[in-house]
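Peer 1: Return a 3D structure for these sequence lines:
(chains A and B)
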Amino acid sequence: MAQNALLEIKDLMTHFHLQEGIVRAVDGVSFEIRRGRTLGIIGESGCGKSVTAHSILRLVPSPPGNIVNGQILLRRGDNASDQKPVDLARLDPRGGEIRSIRGAEISMVFQEPMTSFGPMHTIGNQIMESILLHQSHVAASDARELAIENLRRVGIPRAEQIVDAYPHQLSGGMRQRAMIAMALSCSPRLLIADEPTTALDVTIQAQILELLTALQEEFGMAVMFITHNLGVIAEVADEVAVMYLGRIVEQSDVNELFDNPQHPYTQGLLNSIPHIDEEKLPRLRAIEGVVPDPYEIPGGCAFSDRCPSFMPGTCDRAMPGLAETSPGHRVRCYLHSDVEDELTEVTDGR
Amino acid sequence: MLTQYIGRRLLLLIPLLLLISIISFALIQLPPGDILNMEVLRLRSAGTQVSEEQVEGLRQLYGLDKSLPEQYWLWISNILFKGNFGTSFTYVKSVSEILAARVPLTALVSVLTAIFVWITAVPIGVYSATHQYSPVDYFWTFVSFIGVATPGFLLALIFLWIAFVQFGISAIGLFSQEFEAAPWSLAKFVNMLQHIWIPIVIIGMANTAGMMRTMRGMMLDELNKQYVITARSKGLTETRLLVKYPVRTSMNPVFSTIGWMLPGIISGEVLVSMVLNIPTTGPVLLQALLNQDMFLAGSIVFILSVLTVIGTLVSDILLVWLDPRIRYEGVA
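Peer 2: Sure, this is the predicted structure:
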């Protein structure tokens, strides 16, 4: 584990054992989140982004979901590069240790601001709950002040009144701000933002993104930002991982990814963004086909059935590995690696 | 704001109760004939000579010769201004006297039944939902289907039979023999508590079974909602987050059904009380209706309706008090 790494995921596999068969929602994902940096995870619906995030906090419902392989190493404490990291994948999902991490060291903001708060309790009550749960030195009487302080920090006007409001009395944007206030109330070292702007309209989206970036600068936390919106990724991320069907297909620094996308899937995603400065508006360039049924993933490269650069006899033989094409830039594609290497690896490995 | 709401609801009660009193009165007048026909028939069959003049005299004495609105006014004004519910022909006692002991018992049995229903159905429903498709869940599903499908009086009969054949106990009545006629005392109260659970369990069975299913269904809906995952992501223990969030939300139907659970309990109670010989209003109501004992029957229907209306009001107030969404959207 690198010096400045906060969280390292190694070969994580989260599978769902359903009656129809096994869904390999996350199938061998590895990445690293460094202190204070932002990792963007991008991909279409159903590619395993959210399951990856839920796996980190052990929120995947079991049954049917299980982490069947891999490690989720978290470095706890402030300044403890010497301390042995905790493997979250090994913890009891209902146990005390994971609960002391949830909301305190790693907290999460969800996609649906409309339903993220319990409807029966005030916003303040739910923020105070987090504060009192993880900060034992805070007296109950001071928690309210802290909650107001947190609401003010995320730009909520009249925070001392909103603290007593019920969720349904706030707009979607306000609720998402309150959600962020709650997630940050215990100064986490990692914030997982699972499509936090998807359900909001565009002007509010921009405000929320600005807020997140500003708060990150202020508190120096790391952010794992999940989205299917490339524009959002360009705005917030330092590094990007592109996911397709439970695997990372390309991973690099954000500028490198936008300048030099190497995986046909990434190229397709970038091409599908309409540009306003184009001379005449062409038809939207969508990626051919749809994400395959989770029970009928093609053999070989999972993207092979939609890939414009499909090479018969190569891409359908084995799943390519992640190969480093330049420092820090890794791609899972036979355009950039040799299928014969993979085949021997596969036979050796299994 | 809440007091305003309650005030408005209380005002609305007045016309509602008036309407109920008219309907109760009209209902018991519906069948042809009246109490005197029955009485004369009885006297004549016993060999007593009853002349038409005597019948007319009785009719005048009881005000039965007056028009229906006049009779109604006589009845309701006596209740309202004198607290006098009239006289029962069958029991030859004032209605108030007959009901004084029975209405409180009916209320007690009803309220205890409601409480029994909640404290059994809510935890079982929550457990079934959080352990969906487990053997325990299947067990309670089975029990609740049986419970919904079996009428209360049949359960009462089966219970009596088992108690008598297996244990040689006569499970009839609400008091042991030595207390039956005794005035109220602590010992009599304790004795009653020893007996009262039998009708409560039997009457509550169907409601418990239904409520269990409602609670389970509500919980299953709520458990997958985002806010439960949010609460979990904050690091709360499973029990604490369940009780605070989804259980609390799922309780709405529990409170909102107080209103219609009470009439259900009371009508279920009539037959069960007949079978178990419990001195509530049920058996008296049945007897009064058979004899066309109109003051008695009318008063019972009226009092029970009033209790039900009050129950509904209580459930509405509870709901408004407990659910902020209703409080602010419905009332403001």
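
Peer 1: any idea how far residue A:48 is from residue A:268?
Peer 2: Plainly put, residue A:268 is 18 Å away from residue A:48 if you go by C-beta to C-beta, to the nearest Å. Just so you know, the C-beta spots here come from the backbone N, C-alpha and C atoms, and that holds for glycine as well.

Peer 1: do the same with residue A:156
Peer 2: For residue A:156 relative to residue A:48 (C-beta to C-beta), the value is 33 Å.

Peer 1: neighbour count winner among the two?
Peer 2: Neighbours were tallied for residue A:156 and for residue A:48 using other C-beta atoms under 10 Å in any protein chain shown; the higher tally belongs to residue A:48 (25 against 21).

Peer 1: Now the more buried one. Its backbone dihedrals?
Peer 2: In this entry, residue A:48 is assigned phi and psi values of phi 100, psi 10 (degrees, to the nearest 10).

Peer 1: Do I have it right that it meets residue A:246?
Peer 2: Yes - using C-beta atoms under 8 Å, residue A:48 and residue A:246 qualify as a contacting pair, with a distance of 4.2 Å.

Peer 1: Would you mind grabbing the residues shared as contacts by the two?
Peer 2: Shared contacts of residue A:48 and residue A:246 (C-beta atoms under 8 Å, 6 or more residues apart in numbering or on different chains): A:25-27, A:29.

Peer 1: Quick one: buried ones out of these?
Peer 2: By neighbour count, with 16 or more other C-beta atoms under 10 Å in any protein chain shown, the shared contacts of residue A:48 and residue A:246 hold A:25-27, A:29 as buried.

Peer 1: which residues does the nearest residue to residue A:178 once chain neighbours are set aside contact?
Peer 2: Of all residues not flanking residue A:178 in the chain, residue A:123 sits nearest, at 5.0 Å (C-beta to C-beta, 6 or more residues apart in numbering or on different chains). With contacts taken as C-beta under 8 Å, 6+ apart, residue A:123 has the following neighbours: A:117, A:151, A:162-167, A:170, A:178.

Peer 1: swap in residue B:130?
Peer 2: Contacts for residue B:130 were tallied using C-beta under 8 Å, 6+ apart; they are B:219, B:223, B:242.

Peer 1: Can I get stretch B:33-42 as CSV, trimmed to CA atoms?
Peer 2: These are the backbone C-alpha positions of stretch B:33-42, laid out as CSV (Å, rounded to 0.1, in the frame of the first residue of the first chain):
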residue,chain,number,x,y,z
GLY,B,33,-94.6,-4.3,15.2
ASP,B,34,-93.3,-3.1,18.5
ILE,B,35,-92.5,-4.2,22.0
LEU,B,36,-96.2,-4.2,23.0
ASN,B,37,-97.1,-6.8,20.4
MET,B,38,-94.6,-9.1,21.9
GLU,B,39,-95.7,-8.3,25.4
VAL,B,40,-99.4,-8.8,24.7
LEU,B,41,-98.6,-12.0,22.8
ARG,B,42,-96.8,-13.3,25.9
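
Peer 1: quick one: contacts of that stretch?
Peer 2: B:50, B:55, B:58-59, B:62, B:64, B:89, B:291-294.

Peer 1: what about 10 Å?
Peer 2: Contacts of stretch B:33-42 with the rest of the structure, by C-beta atoms under 10 Å, 6 or more residues apart in numbering or on different chains, involve B:28, B:48, B:50, B:52, B:54-56, B:58-59, B:61-62, B:64, B:88-90, B:288, B:290-296.

Peer 1: Restricted to helices, list the contacts of residue B:130.
Peer 2: If you go by DSSP state H, the contacts of residue B:130 have B:219, B:223, B:242 in helices.

Peer 1: ok, now how distant is the most centrally placed residue in chain B from residue B:47?
Peer 2: A centroid search over chain B (C-alpha atoms, centre = their mean) returns residue B:266, at 2.7 Å, as the residue closest to the centre. Counting by C-beta to C-beta, the gap from residue B:266 to residue B:47 is 41 Å.

Peer 1: Contacts only, for the residue in the stretch 1-150 of chain B that chain A sits nearest to.
Peer 2: Sorted by distance to chain A under C-beta to the nearest C-beta, the residues of the stretch 1-150 of chain B start with residue B:133, at 9.9 Å. Neighbour list for residue B:133: A:63, B:141 [criterion: C-beta under 10 Å, 6+ apart].

Peer 1: Would you mind measuring from it to residue A:16?
Peer 2: When residue B:133 is compared with residue A:16 (using C-beta to C-beta), they lie 16 Å apart.

Peer 1: same check, this time on residue B:163
Peer 2: The separation that residue B:163 has from residue A:16, given C-beta to C-beta, amounts to 52 Å.

Peer 1: count of neighbours near the residue nearest to residue A:110 when sequence neighbours are not counted?
Peer 2: Counting by C-beta to C-beta, 6+ apart, the nearest residue to residue A:110 once its immediate chain neighbours are dropped is residue A:116, at 5.0 Å. The burial count assigned to residue A:116 is 27, neighbours taken as other C-beta under 10 Å.

Peer 1: Give me the phi and psi for residue A:116.
Peer 2: Torsion angles at residue A:116 (phi, psi; degrees, to the nearest 10) stand at phi -80, psi -20.

Peer 1: cool, and the one 5 residues further on?
Peer 2: In terms of degrees, to the nearest 10, the main-chain angles of residue A:121 are phi -120, psi 150.

Peer 1: cool, and residue B:290?
Peer 2: With angles defined as degrees, to the nearest 10, residue B:290 sits at phi -60, psi -40.

Peer 1: so it makes contact with residue B:90?
Peer 2: Yes - distance between residue B:290 and residue B:90: 9.0 Å, which falls inside the contact criterion (C-beta atoms under 10 Å).

Peer 1: one step back: so for residue B:163 and residue A:16, which sits in the more crowded spot?
Peer 2: More crowded of residue B:163 and residue A:16, by other C-beta under 10 Å: residue A:16, with 20 against 15.

Peer 1: in what helix or strand does that one lie?
Peer 2: strand A:5-18 (DSSP states H and E).

Peer 1: Past that strand, which element shows up next along the chain?
Peer 2: strand A:21-34.

Peer 1: by contact count, what packs against that next one?
Peer 2: Using 3 or more C-beta pairs under 10 Å, 6 or more residues apart in numbering or on different chains; DSSP states H and E as the contact criterion, the elements in contact with strand A:21-34 are strand A:5-18, strand A:38-42, helix A:49-56, strand A:65-74, strand A:222-227, strand A:239-244, strand A:247-253.
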